[in-house]
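**Q** 3D model of this:
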Amino acid sequence: MATLKDRQEAMNKVHPFGLPLWKPALYKKSRSIVRKANNALHSSPSSTPELFLNPGNVLWLLLFGWWLSLVTLLLSIITFIFNGRPYSLLLKELSLYLLWPFGKYVERQAEITSTQLDHVSSEEMTGLLSFTKKEQRQSNNLKNIYDLGLRGCVYYALFLLVLAPLLSLVSIICWMAVVSVPMAKLNYILVCHLYQNPLSLRFKSAHSRLSEHSHTTEPYIILLCNYQAIGFQYYKYTLDGINIMFINLIPLVFFVILDDYVLKHHFKESFITASVTIFSLSLVSVIPLSYFIGMSVSSISAQSSMGVGAVINATFGKGVLVEGALIGSLLAGVLLMPGFSMISGGVK
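**A** Modelled structure (predicted):
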């Protein structure tokens with residue numbers, strides 16, 4: 001029979017210093033907000049024709065939809081001039097989709113035939129194709145480039161020089177806006193598929209799904225179907241466990257460094273290089289730095305012990321900083337927090 005002393009010794013081995021042992025995650029944690037963002041892009045097409053008019057969708061039309069659609073339509077005309085009718089029809093459907101993508105869906109043919117001028121990604125290969133040798137893949141790529149012809153080369157030139165940069169720019173803007181994360185991922189996925197397998201893509205309205213697919217036996221896969229451009233709940237969206245707010249603030253850190261050390265010496269009278277602007281941006285850029293530094297110290301302390309974390313702070317930090325942190329934590333824990341508790345209790 002285990003005594004109290006045996007239990008205490010076993011507890012000390014499992015939880016040294018009262019802290020549980022750090023263990024890495026054995027599986028990838030799935031957050032509800034991430035699932036909502038993914039489900040927003042892969043909704044089920046509706047059988048009833050609707051416009052899905054809401055402020056967020058109208059804002060997409062005014063900010064991005066109209067000029068993206070216009071540019072894509074111009075590219076469609078250019079490809080048609082060079083005898084690229086399949087690519088011209090693709091870009092024409094894409095222009096209508098980018099103008100108002102809500103309630104519409106993007107589909108791709110599931111069966112890849114030899115007549116299609118696209119590249120099959122490694123993630124979409126079946127088990128029967130996975131044993132293909134590297135030399136065969138290289139020869140097939142050269143053959144595909146040769147089979148593209150003039151119209152294919154014109155399409156990829158226009159795509160890489162005009163369309164892909166514009167869609168990537170819109171994707172970055174939507175990602176930085178946070179509330180439009182699904183539209184950022186939508187544009188990114190479009191860029192990938194328009195590069196890999198353009199001629200197998202089709203852009204259809206949701207209400208035409210049943211009427212068209214009832215007369216065809218071709219297998220297809222629905223890639224994208226979205227109904228809303230903006231969702232205010234996406235401020236909780238995380239990437240690898242890190243909130244999107246902190247990720248979006250990382251470029252600001254590099255911009256502040258560039259602003260203070262480079263731009264300030266070349267544009268002395270500009271508002272961007274003013275001392276007030278640099279100071280304000282520096283305060284904001286401290287937020288992601290303090291967050292990631294705190295996470296790193298906590299991770300090191302959790303994997304080792306509190307003593308190792310203190311040694312790291314004392315070794316790589318300044319003595320005055322460590323001393324001030326210790327004194328400040330003691331004063332805050334002993335005087336500040338109890339004092340505020342007493343004052344708030346007296347006010348109540």
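
**Q** not counting its neighbours along the chain, what's nearest P55?
**A** Excluding the flanking residues, the one nearest P55 by CB to CB, 6 or more residues apart in numbering is I230, at 7.6 Å. Just so you know, the C-beta spots here come from the backbone N, C-alpha and C atoms, and that holds for glycine as well.

**Q** quick check, the one you found in contact with G56.
**A** Yes. Counting by CB atoms under 8 Å, I230 sits close enough to G56 to count as a contact (3.1 Å).

**Q** next structured bit after the helix or strand of the chain with the lowest mean pLDDT?
**A** The helix or strand of the chain with the poorest confidence is helix 209-213; it has a mean of 54 (mean pLDDT, DSSP states H and E). Using DSSP states H and E, the helix or strand that follows helix 209-213 towards the C-terminus is strand 220-225.

**Q** okay, and the beta partners of K204?
**A** For K204, the beta-bridge partners are Y105 (DSSP bridges).

**Q** poorly predicted segments of the chain, please.
**A** 1-2, 4-5, 8-9, 11-30, 46-51, 111-147, 206-218, 297-326, 328-334, 348 (pLDDT under 70).

**Q** domain assignment for it?
**A** By the assignment in the TED database, the chain contains the domains 32-110+133-233, 245-336.

**Q** need these in TSV with distance to A10 and mean neighbour count, can you?
**A** TSV is the format used below for the domains of the chain (distance: least, CB to CB, whole Å; neighbours: other CB atoms under 10 Å):
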stretch	distance to A10	mean neighbour count
domain 32-110+133-233	37	16
domain 245-336	19	13
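
**Q** surely R202 meets V106?
**A** Yes. Using CB under 8 Å, R202 is in contact with V106, at 7.4 Å.

**Q** within the helices and strands, which one has the residue nearest to L190 when sequence neighbours are not counted?
**A** Residue nearest to L190 in three dimensions, not counting chain neighbours: L167, with 6.1 Å by CB to CB, 6+ apart. Element membership for L167, per DSSP H and E: helix 164-176.

**Q** for whichever helix or strand comes after that helix, packing partners?
**A** Counting by DSSP H and E, the next helix or strand C-terminal to helix 164-176 is helix 181-196. Helices and strands touching helix 181-196, by 3 or more CB pairs under 8 Å, 6 or more residues apart in numbering; DSSP states H and E, are helix 32-41, strand 104-109, helix 164-176, strand 220-225.

**Q** now with 7 Å?
**A** Helix 181-196 is packed against helix 32-41, helix 164-176, strand 220-225, with contacts defined by 3 or more CB pairs under 7 Å, 6 or more residues apart in numbering; DSSP states H and E.

**Q** format the CA atom coordinates belonging to the last one as CSV.
**A** Included here for strand 220-225 are C-alpha records, laid out as CSV according to Å, rounded to 0.1, in the frame of the first residue of the first chain:
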residue,chain,number,x,y,z
TYR,A,220,-16.0,17.2,-61.2
ILE,A,221,-14.8,18.6,-57.9
ILE,A,222,-16.1,21.8,-56.3
LEU,A,223,-13.1,23.9,-55.3
LEU,A,224,-14.6,27.1,-54.0
CYS,A,225,-18.1,28.3,-53.0
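
**Q** touching whatever helix or strand comes next after it from outside, list them.
**A** Downstream of strand 220-225, the first helix or strand assigned by DSSP H and E is strand 238-239. Contacts to strand 238-239, defined as CB atoms under 7 Å, 6 or more residues apart in numbering, come from residues 31, 34, 244, 247.

**Q** and the residues you listed as CSV, adding distance to G346?
**A** Listed next are the contacts of strand 238-239 as CSV, based on distance: CB to CB, whole Å:
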residue, distance to G346
R31, 41
V34, 45
I244, 41
I247, 43
